[in-house]
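>>> With the sequence up front, the predicted model follows.
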Amino acid sequence: MTKYIFVTGGVTSSLGKGIISASLAKLLQSRGYRVTIQKFDPYINIDPGTLNPYEHGECYVTEDGAETDLDLGHYERFLNVPTSQANNITTGRIYQNVINQERAGAYLGKTVQVVPHITDEIKRNMRILGESGEYDIVITELGGTVGDIESLPYIEAVRQFRWEEGANNSLVIHLTLIPFLAAAGELKTKPTQHSVKMLLEYGIQPDILVCRTEHHITPEIRRKIAQFCNVNLNAVVESIDAPSIYDVPLLMLKEQLDKTVLAKLKLPQRNEPDLENWKNFLGRLKNPTSEVRIGLVGKYVELPDAYKSITESFVHAGAANECKVRVVCVHSESLTEENVADRLSGFNGVLVAPGFGNRGIEGKIIAIKYVREHNIPFFGICLGMQCAVIEFARNVLNLQGAHSTEMDENTPHPVISMMEEQKKIKNLGGTMRLGSYDCEIKKGSKAASIYGKTSITERHRHRYEFNNDYLADFENAGMIASGINPDNKLAEIVELKNHPFFVAGQFHPELKSTVANPHPLFVSFVAAALAYAKKHV
Ligand code: GLN
């Protein structure tokens, strides 16, 4: 029988519910339990696919093509288990399902209401993964902060769910903040007391409090929190600021969060967590023998969350190379022919990021020209790959005005053009080419040596593609399509023959890099940057 853990947040947002959920899941997984994590987001969008990265950070895409919250990326990076559409539900989706049911006549004669119809639909979604039989434990992270108007139906659904599942089959972890008042020199528990009180008003007594703090919590404070919030002493868990998110599982292990959870769910402790590989990773991460600087050229650089999976992939690839990777964001809008040498000269490698629309596009193309001509390792992702194609068309093939039809519908040389199947699509939500697709890699190519195999799958999120009418010209001039989708011949990977490392993909490798499986493209790109750094000391 599946057991359920709910993670709520109090006091303020951004306390790191996703990391705590992923860390707890990691500990339970390392004790041999099959665990998954799902996230419920209280906004009305059906999914975050239509949101600007400035709003909500990166949009994470699953194998089955769901556009989801970036926390799912953390779940996959920690657990090395793929997530799916069922792992991310929004209020928009809940209402859409209920309203569709209403139109279909499922509630004939009845008034459709938040309680019970919306809460029932929430509970049904809370159970989907558990009922698949694939998991012993399902962790459900509730987005938002307790007390938010839009979170109320979720909190009520948790209350009902717990009553239905019976004692010992579910528990609530409340993540809260213990602020430090510098003037008083004290940690303060009152905000936590208040947010627990609010949960109590809604009928939920949290079982465990995870307390985010910048300073260690003294035994007296622990006691005070436990007493005033009505939890056991060992259910007050300190979550102190950590140098890296990857330290958090070990901090939670020290606090015995996994033991407390298993005891409350009446599950056997089984063996001690096997965190050997995790600790090895941390060891390599913390003791680098070298360093590289990577320029990340993009237009959402003001918000680091916009490129979350890319920066995390560099953490994994850095550890694999025992190399510290310093990722420095470069605003593509600020790059010009005049300043590019100055702005990019300090880097050992340049990554051009995914994106949409015209803004900053010329800066990306200028950056690619510079690294191509100066033999600086280059890695392009999605729009980054499309820019590499445009740059090559303009500057090597001399196709003046070559562009993507996304940016210039009337370009004389549409080297990137809209995919045929996309042309008839009117709705913009959830209609890109999304999720995992096959790619066949050319034998003897750089891509083949990087992957060590010729059949791969990667995840996608795009509407435009390389225009194969130009393929022969590109290949004759030295840019080859080394990865091709076997079904529709779409160019998935391009690379340059005469360059130490110039590889770009139409897909998003950053979505598949995990602690256990650093992505080979990132690992080899960092290795190439390292080789470049050594040569150019
Ligand atoms: N805008 C481009 C397309 O839709 C690239 C998308 C991306 O970088 N994810 O094809």
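The structure has been received and is ready for your questions.
>>> contacts for the helix or strand hosting residue 227?
Per DSSP states H and E, residue 227 falls inside helix 219-229. Residues from elsewhere that reach helix 219-229 (Cβ atoms under 8 Å, 6 or more residues apart in numbering): 178, 187, 189, 192-193, 196, 206, 209, 211, 217, 231-233, 235-236, 238. C-beta here means a position set from N, CA and C on the backbone, and glycine is covered the same way.
>>> ok, now with 7 Å
With contact meaning Cβ atoms under 7 Å, 6 or more residues apart in numbering, helix 219-229 is reached by 187, 189, 192, 193, 196, 209, 211, 232, 233, 235, 236.
>>> Tell me how far the helix or strand just after it lies from the chain's centre.
Following helix 219-229 in sequence order, the next helix or strand is strand 236-240 (DSSP H and E). Strand 236-240 has its average C-alpha position 24 Å from the chain's average C-alpha position, going by Cα atoms, centre = their mean, to the nearest Å.
>>> Now do strand 236-240 against helix 219-229, angle only.
Taking axes from the mean of the first three to the mean of the last three Cα atoms, to 10 degrees, one finds strand 236-240 and helix 219-229 inclined to each other by 130 degrees.
>>> Partner strands of strand 236-240, with direction?
Each strand paired with strand 236-240, and its direction, by DSSP bridges: strand 208-213 (parallel).
>>> What mean pLDDT does the partner strand get?
Averaging pLDDT along strand 208-213 yields 97.
>>> One more: stretch 375-384?
Stretch 375-384 carries an average pLDDT of 97.
>>> Between its first and last residues, how far does that stretch reach?
Terminal residues of stretch 375-384 lie 17 Å apart, using Cα to Cα, to the nearest Å.
>>> So is that stretch next to the ligand?
Yes: under the criterion of Cβ under 6 Å from any ligand atom, the ligand is reached by stretch 375-384 at 382, 383.
>>> Give me the contacts around that stretch.
Outside stretch 375-384, the residues within contact range by Cβ under 7 Å, 6+ apart are 347-355, 364, 368, 371-372, 387-388, 462, 499-506, 508-510, 521, 525, 528-529, 532.
>>> So which of those belong to strands?
Within the contacts of stretch 375-384, residues falling in strands by DSSP state E are 349, 350, 351, 352, 462, 502, 503, 504, 505.
>>> now the strands for the stretch 51-200 of the chain?
For the stretch 51-200 of the chain, the strands defined by DSSP state E, counting those that start in this stretch cover 60-61, 67-68, 88-90, 137-142, 170-177, 180-181, 186-187.
>>> coming back round to it: can I get the contacts of helix 219-229 in TSV with distance to the ligand and neighbour count?
Formatted as TSV, the contacts of helix 219-229 follow (distance: Cβ to the nearest ligand atom, whole Å; neighbours: other Cβ atoms under 10 Å):
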residue	distance to the ligand	neighbour count
187	43	19
189	45	20
192	40	25
193	45	15
196	42	23
209	39	25
211	38	24
232	47	12
233	49	11
235	43	24
236	43	25
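>>> In JSON lines, list the strands of the stretch 51-200 of the chain along with mean pLDDT and distance to residue 41.
JSON lines is the format used below for these (pLDDT from 0 to 100; distance: least, Cβ to Cβ, whole Å):
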{"stretch": "strand 60-61", "mean pLDDT": "96", "distance to residue 41": "12"}
{"stretch": "strand 67-68", "mean pLDDT": "96", "distance to residue 41": "9"}
{"stretch": "strand 88-90", "mean pLDDT": "96", "distance to residue 41": "5"}
{"stretch": "strand 137-142", "mean pLDDT": "97", "distance to residue 41": "9"}
{"stretch": "strand 170-177", "mean pLDDT": "97", "distance to residue 41": "16"}
{"stretch": "strand 180-181", "mean pLDDT": "94", "distance to residue 41": "30"}
{"stretch": "strand 186-187", "mean pLDDT": "93", "distance to residue 41": "31"}
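>>> And residue 324, its phi and psi?
phi -80, psi 120 (degrees, to the nearest 10).
>>> right, and it touches residue 286 too?
No: with contact defined as Cβ atoms under 7 Å, residue 324 and residue 286 do not form a contacting pair (9.6 Å).
>>> Of those two, which one has the most company?
Set residue 324 next to residue 286 and count neighbours by other Cβ atoms under 10 Å: residue 324 wins out with 18 against 13.
>>> how about the more buried one, what does it touch?
Per Cβ under 7 Å, 6+ apart, neighbours of residue 324: 288, 291, 318.
>>> Counting only strands, which of those residues make the cut?
Short answer: these in strands (DSSP E) are residue 291.
>>> follow-up on the earlier one: ok, so of the ones in strands among the contacts of stretch 375-384, who is nearest the ligand?
Using Cβ to the nearest ligand atom, residue 462 comes nearest to the ligand of the ones in strands among the contacts of stretch 375-384, at 3.2 Å.
>>> What is the burial count for the closest one?
Residue 462 has 23 nearby residues by other Cβ under 10 Å.
>>> Just want to check the distance between it and residue 437.
11 Å (Cβ to Cβ, to the nearest Å).
>>> next one: phi and psi at the residue in the stretch 101-250 of the chain that the ligand sits nearest to?
Residue nearest to the ligand within the stretch 101-250 of the chain: residue 143 (23.5 Å; Cβ to the nearest ligand atom). Here is the backbone geometry of residue 143 (degrees, to the nearest 10): phi -70, psi 160.
>>> near the ligand too, which of the contacts of stretch 375-384?
Within the contacts of stretch 375-384, those near the ligand by Cβ under 6 Å from any ligand atom are 354, 355, 462.
>>> Go ahead and confirm residue 326 touches residue 295.
No: using Cβ under 7 Å, residue 326 makes no contact with residue 295, being 9.8 Å away.
>>> dump the residue contacts of residue 451.
So residue 451 contacts 441, 520 (Cβ under 7 Å, 6+ apart).
>>> show me where pLDDT drops low in this protein?
Regions of the chain meeting the criterion pLDDT under 70 are absent.
>>> about what we covered before: please tabulate the ones next to the ligand among the contacts of stretch 375-384 in CSV, including the columns distance to residue 183.
CSV is the format used below for these (distance: Cβ to Cβ, whole Å):
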residue, distance to residue 183
354, 45
355, 44
462, 52
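>>> which of those lies closest to residue 59?
Set against residue 59, the nearest of these by Cβ to Cβ is residue 354 (9.8 Å).
>>> Need phi/psi at residue 295.
Backbone torsions of residue 295, given as degrees, to the nearest 10, read phi -90, psi 120.
>>> and the helix holding residue 227, how far from the chain's centre?
35 Å.
>>> Tabulate the CA atom coordinates of it in PDB.
What follows is helix 219-229, C-alpha atoms only, in PDB (Å, rounded to 0.1, in the frame of the first residue of the first chain):
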ATOM      1  CA  PRO A 219      17.900  22.800  21.900                       C
ATOM      2  CA  GLU A 220      15.800  25.400  23.700                       C
ATOM      3  CA  ILE A 221      14.400  26.800  20.500                       C
ATOM      4  CA  ARG A 222      13.700  23.200  19.300                       C
ATOM      5  CA  ARG A 223      11.800  22.600  22.500                       C
ATOM      6  CA  LYS A 224       9.900  25.800  22.200                       C
ATOM      7  CA  ILE A 225       8.900  25.100  18.600                       C
ATOM      8  CA  ALA A 226       7.900  21.500  19.400                       C
ATOM      9  CA  GLN A 227       5.800  22.600  22.400                       C
ATOM     10  CA  PHE A 228       4.000  25.500  20.800                       C
ATOM     11  CA  CYS A 229       3.400  23.700  17.500                       C
END
